[in-house]
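Chemist: pasting the sequence and the predicted coordinates here, then a few questions.
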Amino acid sequence: MAAPRVVLLLSGKRKSGKDFVAEELRSRPYFWEHGLDFQRLLDASAYKESYRQDMIRWGEEKRRADPGFFCRAAVEGTAQPVWVVSDTRRLSDVEWFRDVYGAAVRTVRVVAAEETRRKRNWVFVAGVDDAESECGLDQGVTFDWVVTNDGDELALDEQLETLLRWLRDQL
């Protein structure tokens, strides 16, 4: 596996649009032309929501035993010069990537107002929305970019173009 030139770690609350932003980055012609690969954890279905608390518990057990377990799985076999990890959730995730990939790592926080998230069918669930899996990066990280994803396509496009210009300069 070749070391990446850039690792973008996207984080944000449920229904903030992390996967949408990752897809927007991936779908830009520049990325297709350069054969870039992106890590996506997309399923936002009701089925996933019904198992979310059990998945959180299982994930916490795995992380306690091995903090890099999910981070290694996200990048296994990846050889592209830019990696986008679309669902970074904990400070330990950011620390693992920084320890392994150093200066290549950049953090992107995707934010959306609660009103916007509600329009995307978000409803606060105790034990989920107040758990580390949702709040673990609310403190302790200075994000390189904060992308506001409240449904304004023009504003989102401007923010992504700024990020893409920076990425082009790194390659």
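Modeler: Thanks, I have it. Residues are numbered from 1 along each chain as shown.
Chemist: low-confidence ranges, this structure, go.
Modeler: 1-2, 26-52, 55 (pLDDT under 70).
Chemist: quick one: the helices in it?
Modeler: Assigned by DSSP state H, the helices in the chain fall at 18-27, 29-33, 46-65, 69-75, 91-101, 114-119, 132-135, 153-170.
Chemist: contacts for the shortest one next, please.
Modeler: Think helix 132-135. K13, R14, I56, G59, E60, R89, R90, V128 (C-beta atoms under 8 Å, 6 or more residues apart in numbering). Using the backbone N, CA and C atoms, a C-beta is placed for each residue, glycine as well.
Chemist: picking that back up, so which of the helices of the chain gets nearest V146?
Modeler: helix 153-170 (8.6 Å; C-beta to C-beta).
Chemist: list the buried residues of the closest one.
Modeler: By neighbour count with 16 or more other C-beta atoms under 10 Å, helix 153-170 contains the buried residues L156, Q159, L160, L163, L164, L167.
Chemist: for stretch 102-115, list the C-alpha coordinates in PDB.
Modeler: Taking Å, rounded to 0.1, in the frame of the first residue of the first chain, the C-alpha atoms of stretch 102-115 are listed here in PDB:
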ATOM      1  CA  GLY A 102       1.500  12.600   9.900                       C
ATOM      2  CA  ALA A 103       1.400  15.800   7.900                       C
ATOM      3  CA  ALA A 104      -0.700  14.100   5.200                       C
ATOM      4  CA  VAL A 105      -3.800  14.200   7.500                       C
ATOM      5  CA  ARG A 106      -6.300  17.000   7.200                       C
ATOM      6  CA  THR A 107      -9.600  17.300   9.100                       C
ATOM      7  CA  VAL A 108     -12.900  18.400   7.700                       C
ATOM      8  CA  ARG A 109     -15.900  19.000   9.900                       C
ATOM      9  CA  VAL A 110     -19.300  18.800   8.200                       C
ATOM     10  CA  VAL A 111     -21.900  20.800  10.000                       C
ATOM     11  CA  ALA A 112     -25.600  21.300   9.500                       C
ATOM     12  CA  ALA A 113     -28.100  23.200  11.700                       C
ATOM     13  CA  GLU A 114     -30.400  21.000  13.800                       C
ATOM     14  CA  GLU A 115     -33.300  22.300  11.700                       C
END
